[in-house]
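A.B. asks: I'd like to go over a predicted model; first the sequence, then the structure.
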Amino acid sequence: MLYICQQILQMSEKVKPYKRSDLGKKEQVTQMFDTISKNYDRLNRVISFGVDVKWRKRVVSLLKKKSPKAILDIATGTGDLAIALVATGAEKIIGLDISPGMLEVGTEKVTSKKLQETIKMVVGDSENLSFEDNTFDAVTVAFGVRNFENLEKGLSEILRVLKPGGNLVILETSVPSKTPFKQGYRLYTKYILTGIGKVFSKDRNAYGYLSESASVFPHGQEFNNILAKIGFIGIENMPQTFGVASIYVATK
C-alpha cells in the first residue's frame, strides 16, 4: 500500500493538464469511458473512498418515497445506480449511456443479478433521447450531467420525457465552499485523483479530464438556476460529504 501511495505522489508531480483532441466532446467522452470501462468500478471506489455507494443509496431513498413505475437512468455507466434503483419498486428501469464499453460491463452485472426483466441497458445520446414525451415517472443522472456537450439541451430532453409531476434526481460532483475542505478538495482532485488514474487506468488522461470537468461545472445555486431556466420547479440541492458532491431534486 505504501508503495502504491509513493507511486501516486510521484506521478502526481508530473501531471499535465488534460489535452483536448480534435474530436467533439461526445466522441471524447465515449472513447474515454470505453477505455476505462473495465477498471471504472474499482477506481470509483478508490477515488471516492467508497462513499459514492452511500450517495447512491440516498438517491434511491429519495425516489422510493415517490413510488415511480418507470425510471430512466441517464449516463448509467456500468449500471450501479440502475441496479440500486430496483429497491424503489419500479417496474421498468432503462439504463442509458453513450459508451458501449461501460454498458457491456453494466449488462454483465445486471445479468449476474438476474435483473434483466426489470433493467434494460441501451446505447443512447442524452441530448437526443429516443423516447416519447411524458414517458417516465423519474429520471436520474449520477455523475453524468457534466459530460453533456450541451447542458441545457440535455436537461430540456429530460424535461420532455418526464411525465407531469415526474421527478429528476441528479447526483453530481461539486466544490466545497468552506475552509479547509475547499483547499483539501482542490489538492485532492488536482494531484491525488489524477495520480490514481495514471497509476491504475490505461487512459492516462481520463482522470485529468474528470478532475478538470468537476472543477469548472456549475454547482449549488448556479445549477439550480439552470434547472429553473429549463422549466423545472420545486428545485432543491443537498450537499453531500462536506460539499464534494450534491444531490439535486426537481419536478416537472
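C.D. replies: Done, it's in. Numbers count the residues shown, from 1 in each chain.
A.B. asks: Now do the strands in the stretch 1-150 of the chain.
C.D. replies: Secondary structure of the stretch 1-150 of the chain (DSSP state E, counting those that start in this stretch): strands at 70-74, 92-97, 119-123, 136-142.
A.B. asks: Alpha carbons of the second one, as PDB, please.
C.D. replies: Output of strand 92-97 as PDB, limited to C-alpha atoms (Å, rounded to 0.1, in the frame of the first residue of the first chain):
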ATOM      1  CA  LYS A  92     -39.200  -0.700 -15.600                       C
ATOM      2  CA  ILE A  93     -35.700   0.800 -15.400                       C
ATOM      3  CA  ILE A  94     -33.800   1.900 -18.500                       C
ATOM      4  CA  GLY A  95     -30.100   2.500 -18.200                       C
ATOM      5  CA  LEU A  96     -28.900   4.700 -21.000                       C
ATOM      6  CA  ASP A  97     -25.300   5.500 -21.800                       C
END
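A.B. asks: the inter-axis angle of it versus strand 119-123?
C.D. replies: Interaxial angle, strand 92-97 versus strand 119-123 (axes from the mean of the first three to the mean of the last three Cα atoms, to 10 degrees): 30 degrees.
A.B. asks: Paired strands for strand 92-97, with orientation please.
C.D. replies: Applying DSSP bridges to the sheet, strand 92-97 is found paired with strand 70-74 (parallel), strand 119-123 (parallel).
A.B. asks: Could you tell me the average pLDDT over the first one, please?
C.D. replies: Regarding strand 70-74, the rounded mean pLDDT is 98.
A.B. asks: what do you get for stretch 88-104?
C.D. replies: Per-residue pLDDT values over stretch 88-104 give a mean of 97.
A.B. asks: Pull out the buried residues from it.
C.D. replies: By 16 or more other Cβ atoms under 10 Å, the buried positions in stretch 88-104 come out as 88, 90, 92-99, 101-103. For glycine as for every other residue, the C-beta is placed from the backbone atoms N, C-alpha and C.
A.B. asks: right, and the strands of the stretch 1-150 of the chain - which one's nearest residue 49?
C.D. replies: Proximity to residue 49, assessed across the strands of the stretch 1-150 of the chain by Cβ to Cβ, is greatest for strand 136-142 (16.8 Å).
A.B. asks: Tell me what angle that closest one forms with strand 92-97.
C.D. replies: Computed by the same axes, to 10 degrees, the angle separating strand 136-142 from strand 92-97 equals 40 degrees.
A.B. asks: sorry, back to before: go through the buried residues of stretch 88-104 and say which is closest to residue 33.
C.D. replies: Closest approach to residue 33 among these (Cβ to Cβ): residue 99, at 3.9 Å.
A.B. asks: Not counting its neighbours along the chain, what's nearest the closest one?
C.D. replies: Nearest non-adjacent residue to residue 99, counting by Cβ to Cβ, 6 or more residues apart in numbering: residue 33, 3.9 Å away.
A.B. asks: Quick one: end-to-end distance for stretch 216-226.
C.D. replies: End-to-end span of stretch 216-226 (Cα to Cα, to the nearest Å): 15 Å.
A.B. asks: List the buried residues in that stretch.
C.D. replies: For stretch 216-226, a neighbour-count test (16+ other Cβ under 10 Å) marks 217, 219, 223, 224, 226 as buried.
A.B. asks: For those residues, which two are the farthest from each other?
C.D. replies: Maximum pairwise distance among the buried residues of stretch 216-226 (Cβ to Cβ): 13.4 Å, between 217 and 224.
A.B. asks: picking that back up, looks like the residue nearest to residue 99 contacts residue 100 (just checking).
C.D. replies: No - using Cβ atoms under 8 Å, residue 33 is not in contact with residue 100; the gap is 9.3 Å.
A.B. asks: Any chance of the strands of the stretch 1-150 of the chain in CSV with distance to residue 157 as columns?
C.D. replies: Converted to CSV, the strands of the stretch 1-150 of the chain look like this (distance: least, Cβ to Cβ, whole Å):
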stretch, distance to residue 157
strand 70-74, 9
strand 92-97, 11
strand 119-123, 15
strand 136-142, 9
